[in-house]
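Novice: Kindly generate the corresponding structure for this input.
(chains A and B)
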Amino acid sequence: SQQGEEDPQALSIQEGENATMNCSYKTSINNLQWYRQNSGRGLVHLILIRSNEREKHSGRLRVTLDTSKKSSSLLITASRAADTASYFCATASLYNQGGKLIFGQGTELSVKP
Amino acid sequence: SQTIHQWPATLVQPVGSPLSLECTVEGTSNPNLYWYRQAAGRGLQLLFYSVGIGQISSEVPQNLSASRPQDRQFILSSKKLLLSDSGFYLCAWRTVNYGYTFGSGTRLTVV
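Specialist: Model prediction:
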């Protein structure tokens, strides 16, 4: 079943600009995670935010979580051409069995030099 | 160090043929393991997960099966492939901080 829904589906920006991607989910969560996928490759874990956290930073990444709205956003500041990739949010249910993650459909980010 | 291996990288199989994809993890014990499938341009669909040897949970009814014969080995199989089984298959394990580490994936094309 689909849990996370990303918005927008595709985003094209110029190098140096900020990129914001949003994720909405449906059920109560233990944590929410963001991943990056370069074309044809496996996914790389970027950041995890727990349900009792509201904001988290990692380098040029900033993630927010609003559990009342069941939504999260990923902000990439001062984007670079190398940030071009697909970005996925994934949620771990509060009532999780086996620690499984449910992924959204992803946002395809293109950063033009 | 902890690593995950997945092979082969690409596979072209005829309809009706069997399938076996293998995933192994190194540097950890008793990991939670997962098989996902990704259709072109889409998100990941969880197929199976395992919390221990011989324990398999199936998420969606399908033409595939999974097995975990050893602690750090997870196998995805099919007796007879369908065209709809084509896709990008990803194995993952859950790290101690609850994030996933993914393998490099297998692109399966059923012809």
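Novice: The closest residue to B:R94 other than its chain neighbours: neighbouring residues, count only.
Specialist: Nearest residue to B:R94 in three dimensions, chain neighbours excluded: B:N32, at 4.3 Å (Cβ to Cβ, 6 or more residues apart in numbering or on different chains). Bear in mind the C-beta positions are built from the backbone N, C-alpha and C, glycine included. Neighbourhood size, B:N32 [other Cβ atoms under 10 Å in any protein chain shown]: 18.
Novice: Return the residues of chain B in contact with chain A.
Specialist: Neighbours of chain A within chain B, by Cβ under 8 Å from any Cβ of the partner chain: B:6, B:32, B:34, B:36, B:42-46, B:49-51, B:57, B:59, B:88, B:90, B:92, B:94-95, B:97-105, B:107.
Novice: For chain A, just list every one of the helices.
Specialist: Counting by DSSP state H, chain A has no helices at all.
Novice: So which residues on it come close to chain B?
Specialist: Neighbours of chain B within chain A, by Cβ under 8 Å from any Cβ: A:2, A:4, A:31, A:33, A:35, A:40-45, A:48, A:88, A:90, A:92, A:97-106.
Novice: Those residues in strands, which ones?
Specialist: In strands, defined here by DSSP state E, the members of the residues of chain A next to chain B are A:31, A:33, A:35, A:43-45, A:48, A:88, A:90, A:92, A:101-103.
Novice: which of those residues are buried?
Specialist: With burial judged by 16 or more other Cβ atoms under 10 Å in any protein chain shown, the buried subset of those is A:N31, A:Q33, A:Y35, A:L43, A:H45, A:L48, A:F88, A:A90, A:A92, A:L101, A:I102, A:F103.
Novice: Could I get the pLDDT score of the closest residue in space to the fifth one that isn't next to it in sequence?
Specialist: Spelled out, that is A:H45. Nearest residue to A:H45, sequence neighbours excluded (Cβ to Cβ, 6+ apart): B:G99, at 4.1 Å. Predicted confidence (pLDDT) for B:G99: 88.
Novice: got the contact list for B:G99?
Specialist: Taking Cβ atoms under 8 Å, 6 or more residues apart in numbering or on different chains, we find B:G99 in contact with A:Q33, A:H45, A:L48.
Novice: Kind regards, and thank you for your time.
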